[in-house]
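**Student:** structural data only, the sequence is not supplied:
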């Protein structure tokens, strides 16, 4: 009975979020009301739940993947709201939870980030609060999420529920995209990242979050039993989200999703028993068919320009010199800043001004690693070292989380092409640190990978 009730609840939530995407398109102001409701409901969920860890995970999942949708639809009361909300949720969990927190190393990481502010000199004309908030809200929220989730125990079933909650806002987002730009052919005229197909918002951020949806839906189809209408609906959503992700013409989020899916396939195949390996092979077979169909549709709807984009060519088929679409130049500028200021860096928020002085161009960082080097210097190296190696060391002693490498790669690739502009990297990094347990009867072997 509980299983049937859960399936029914999931289907209702999917249908609700399909409707929410349409409602926000019809009544734009409703986005602010829904956003405000998310803030109160997420806090209330954590306060009222007996299982604080699961409640914080569920609330954080929804918050982390909904910020792009609310930014796109002008629903946030201030731009970094969801990053701060993640901090609030984990702090509530920390204060009310009876389980001892073990992630103190991440307080050191946060301290290293904040210490740089002490050594940063600002001009009177600088908007200091905005500069600090824009650059540190994401990294600091990641630190608090990691601090709370480190070695927290969850079951595989609970983790599946967490990923489902992360999927829901993405469903609303893709519905909104459909109504915002129903005809792709009318708005695609070149091979640059396309704002029109991205709901008028940043294509890189939209493609990133759609890639998350692709990964979650694929994992659900791989692990879940066939659920009739719901499974068919999820398969259709996988196809549609993949298509809309492609036609944003932003490649980073799509490549990240594909990498995470390939890793998940490899891990599950190696760890799975014979019957499950057959299911993995069938998933690969149908994924190739679905992926090929989506690619052909995208090629048709974009008059072949999507092929040029992924071949690194312009609209007339001439190969572009820079495959990174300018990110290499940003990285090299930040590397120069580090070389000039290797101890404490140029200071928090100073990156954009430094780049303008050197190149005459105004551009924010796309790479969190090079930003840490430029703005935090050697302290940034220490901070990133904590982020990079602590999950891997934890993995050595605990190899049960079959999602680990997928989560880890999604975090690492996302901060390389989109820095910490959205809340998602903070959340997915926290999932790397969970101690995932399985029921006694499982389709996976207990071998280390």
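**Tutor:** Sure thing, it's come through. Model, not experiment: these values are computed from the prediction. Numbers count the residues shown, from 1 in each chain.
**Student:** what pLDDT does residue 10 get?
**Tutor:** Per-residue pLDDT puts residue 10 at 93.
**Student:** confirm it sits in a helix?
**Tutor:** Yes - with DSSP: H, G, I helix; E, B strand; the rest coil as the criterion, residue 10 is located in a helix.
**Student:** that one contacts residue 164, correct?
**Tutor:** Yes - in terms of C-beta atoms under 8 Å, residue 10 counts as a neighbour of residue 164; the distance is 6.4 Å. To be clear about C-beta, it is placed using only N, CA and C from the backbone, and glycine gets the same treatment.
**Student:** quick one: the helices in the stretch 51-200 of the chain, in order.
**Tutor:** Along the stretch 51-200 of the chain, counting by DSSP state H, counting those that start in this stretch, helices occupy 52-72, 81-96, 105-118, 128-149, 156-180.
**Student:** sorry, wrong one. I was asking about the stretch 201-350 of the chain.
**Tutor:** Listed in chain order (using DSSP H, counting those that start in this stretch), the helices of the stretch 201-350 of the chain are 203-223, 229-246, 252-271, 274-301, 305-310, 327-340.
**Student:** thinking again about what came up before, quick check: which of the helices of the stretch 51-200 of the chain is buried the most?
**Tutor:** Among those, judged by mean count of other C-beta atoms under 10 Å, the one packed with the most neighbours on average is helix 52-72 (a mean of 26).
**Student:** that one packs against which elements?
**Tutor:** If you count contacts as 3 or more C-beta pairs under 8 Å, 6 or more residues apart in numbering; DSSP states H and E, helix 52-72 packs onto helix 30-48, helix 81-96, helix 128-149, strand 153-155, helix 156-180, helix 203-223, helix 424-432.
**Student:** for those, give me CSV that also has mean pLDDT and distance to residue 335.
**Tutor:** Formatted as CSV, these follow (pLDDT from 0 to 100; distance: least, C-beta to C-beta, whole Å):
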stretch, mean pLDDT, distance to residue 335
helix 30-48, 96, 38
helix 81-96, 95, 26
helix 128-149, 89, 17
strand 153-155, 94, 39
helix 156-180, 97, 34
helix 203-223, 96, 21
helix 424-432, 97, 21
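**Student:** out of these, flag the one nearest residue 343.
**Tutor:** helix 128-149 (18.5 Å; C-beta to C-beta).
**Student:** so the closest one versus helix 105-118, what angle?
**Tutor:** 170 degrees (axes from the mean of the first three to the mean of the last three C-alpha atoms, to 10 degrees).
**Student:** just to revisit the earlier point, let's have the helices of the stretch 51-200 of the chain in CSV, adding distance to residue 307.
**Tutor:** CSV is the format used below for the helices of the stretch 51-200 of the chain (distance: least, C-beta to C-beta, whole Å):
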stretch, distance to residue 307
helix 52-72, 26
helix 81-96, 35
helix 105-118, 42
helix 128-149, 34
helix 156-180, 21
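**Student:** thank you kindly, that will do.
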